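1. Kindly generate the corresponding structure for this input.
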Amino acid sequence: MPTKIRVTVWNEFYHEQHLDMVKEVYPEGIHRALANYLEKVEELEVSTATLYDPEHGLPDLVIEQTDVLIWWAHMKHEEVPDELTDKLYRRVIEGMGVIFLHSASGSKLFKRLMGTSGGGKWREAHERERLWVLKPGHPIVDGIGEYIELPNEEMYGDPSNIPEPDELIFMSWFEGGEVMRSGNVYTRGRGKIFYFRPGHEEYPTYYNKDVLKVIENAARWAAPSITPPTVTTGNVRSIEPIKGYIRDGMGNPIKQE
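-> Residues are numbered from 1 along each chain as shown. This next block holds a predicted model:
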């Protein structure tokens, strides 16, 4: 029987505890709304974590045993310790997948991986969003039609400080006229990354069947290879014979046999 993909859904979990309007939409938190759906997917083994859990829900063992990290955050990016960001960054480079949702583009981890400040223009006006599928053959949009329509969402608009993706899966159009690159695929080291724009905390976006299906698909896509290729680093001997000397890390000559 194949090994399940181990998914950790991490949520800032601030708004749901402090704002009644958000608590009404997500009474158990955004992390539980996502987990309640993903736990029904046979291939996934799902756990949740929040900023307010011990060790922010991500002790070393959890990080080590996570294949795909789903990250939602908004107001408390700076409360995530730099040390934790460093650990997560290394895990992504080693092969852990990450799905960044909505305003997680402002998180320390996203900005570290992307080499950018993240963010851009925005507007909160309860406007319609239409996410057009630009890569209909991509596994992330398996089972999705030509577009996803959301009756109310927060607008994020391009141009923004989110870098150009390796592949652009979705382009959003908003009722007010702006557009936004909203389904972005990146690779960093061995890790696969998906940024998915919708998901403002005041709206029931994470109950939408198409949005949930995209996140499910993305978890499968972002999962690391079961047997990742061996990559040699550091000072290495040549595969083919070389006449003369090579040097060690201290600059000393070493004659190749």
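2. low-confidence ranges in the stretch 51-200 of the chain?
-> For the stretch 51-200 of the chain, no stretch has pLDDT under 70.
3. Mind jotting down where the helices sit in it?
-> 60-64, 82-94, 108-114 (DSSP state H, counting those that start in this stretch).
4. nearest to Arg32, of the ones you listed?
-> helix 60-64 (17.1 Å; Cβ to Cβ). All C-beta spots, glycine's among them, are computed from the backbone N, C-alpha and C.
5. can you pull the buried residues of that closest one?
-> Buried residues in helix 60-64, defined by neighbour count with 16 or more other Cβ atoms under 10 Å: Val62, Ile63.
6. now stretch 114-122
-> Met114, Gly118.
7. Repeat that for stretch 20-34.
-> In stretch 20-34, counting by 16+ other Cβ under 10 Å, buried: Val22, Val25, Tyr26, Gly29, Ile30, His31, Arg32, Ala33, Leu34.
8. surely the third one meets Gln17?
-> In other words, Tyr26. No - between Tyr26 and Gln17 no contact is recorded; they are 10.4 Å apart, counting by Cβ atoms under 8 Å.
9. of all the helices of the stretch 51-200 of the chain, which gets the most neighbours per residue?
-> helix 108-114 (a mean of 21; mean count of other Cβ atoms under 10 Å).
10. who does that helix touch, helix- and strand-wise?
-> helix 82-94, strand 97-101, strand 179-188 (3 or more Cβ pairs under 8 Å, 6 or more residues apart in numbering; DSSP states H and E).
11. residues making contact with the shortest one?
-> Where contact means Cβ atoms under 8 Å, 6 or more residues apart in numbering, the residues beyond strand 97-101 that reach it are 67-72, 88, 92, 107, 109-110, 113, 191-196, 199, 215, 218-219, 221-224.
12. picking that back up, and the buried residues of stretch 20-34, which two are furthest apart?
-> Across the buried residues of stretch 20-34 (Cβ to Cβ), the longest gap, 14.8 Å, separates Val22 and Leu34.
13. Is the spatially most central residue of the chain bridged to anything, and to what?
-> With distances taken as Cα atoms, centre = their mean, Ile99 lies nearest the centre of the chain, 2.0 Å away. Counting by DSSP bridges, Ile99 is bridged to Ile70, Phe194.
14. Among the buried residues of stretch 20-34, which ones are in helices?
-> Those of the buried residues of stretch 20-34 mapping onto helices are Val22, Val25, Ile30, His31, Arg32, Ala33, Leu34, per DSSP state H.
15. So which of those residues is the closest to Asp166?
-> Closest approach to Asp166 among these (Cβ to Cβ): Leu34, at 24.4 Å.
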